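Visitor: Okay, structure incoming, though there's no sequence with it:
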């Protein structure tokens, strides 16, 4: 699997390009702020053709370039139903700091074609198989995407799990209780071999996070619920 990582101009958001190899179709995940021009360069260099944009959740730092990327390539955007409203109006997910940053001057366009995902939904794009795993807590519709075969499993965790940390739960739609449930029932059961592709920061593995991530250690020590 070919995985290209582009880090957005703001918030350090990871945009991923996934493909079977050079000169093939690809999937773009979480195109954030300032991504579109650099994404075009990567697509041209690798001779890749996007067939979809997949969104781990609806926060603006992950969706800022979704309409330009979808429009330029005539492809749909995939998002969980719980966050679909944020593609209509991303300010609904703003905290006070983000509101102050963007003010009232945000020029936003919703993608023309939005595909709604449900928990456990399996879909094939660009010759790759993905499974959507709803993991709320950071947002109502936060979703992890599992892909890769048994020898090469990868999980796109968005802002659910980072290397050594987890996503914040204090923004609109966030929930501390839901986050802990997602960590307990969706993240901890993942195999140690899974390569974690987070929404921010470096990639990691479940083996590393199980052994070192203080939040996973804490939730693993909690009584079963």
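Guide: That came through fine. Quick caveat, the model's predicted, so the values are computed rather than measured.

Visitor: Toward the C-terminus, what is the element adjacent to the helix or strand bottoming out on mean pLDDT in the chain?
Guide: Least confident element among the helices and strands of the chain, by mean pLDDT, DSSP states H and E: helix 96-102 (a mean of 59). Next in sequence after helix 96-102, counting helices and strands by DSSP states H and E, comes strand 114-117.

Visitor: partner strands of that next one, parallel or antiparallel?
Guide: Based on DSSP bridges, the strands next to strand 114-117 in the sheet, each with its direction, are strand 77-80 (parallel).

Visitor: Please list the residues outside the partner strand that contact it.
Guide: With contacts defined as CB atoms under 8 Å, 6 or more residues apart in numbering, strand 77-80 is touched by 52-55, 57-58, 66, 70, 87, 111, 113-119, 123, 132, 134, 141-143. Yep, even glycine has a C-beta here, placed from its N, CA and C like the rest.

Visitor: same thing but 6 Å
Guide: Among residues not part of strand 77-80, those counted as contacts by CB atoms under 6 Å, 6 or more residues apart in numbering are 52-55, 66, 70, 111, 114-115, 117, 134, 141, 143.

Visitor: Which two of those have the greatest separation?
Guide: Of all pairs drawn from the contacts of strand 77-80, the widest gap by CB to CB lies between 70 and 134 and measures 22.3 Å.

Visitor: Spell out the residue ranges of the helices in this protein.
Guide: Along the chain, counting by DSSP state H, helices occupy 35-46, 60-63, 66-73, 85-88, 96-102, 176-182, 206-212, 214-221.

Visitor: winner for burial among those?
Guide: helix 60-63 (a mean of 26; mean count of other CB atoms under 10 Å).
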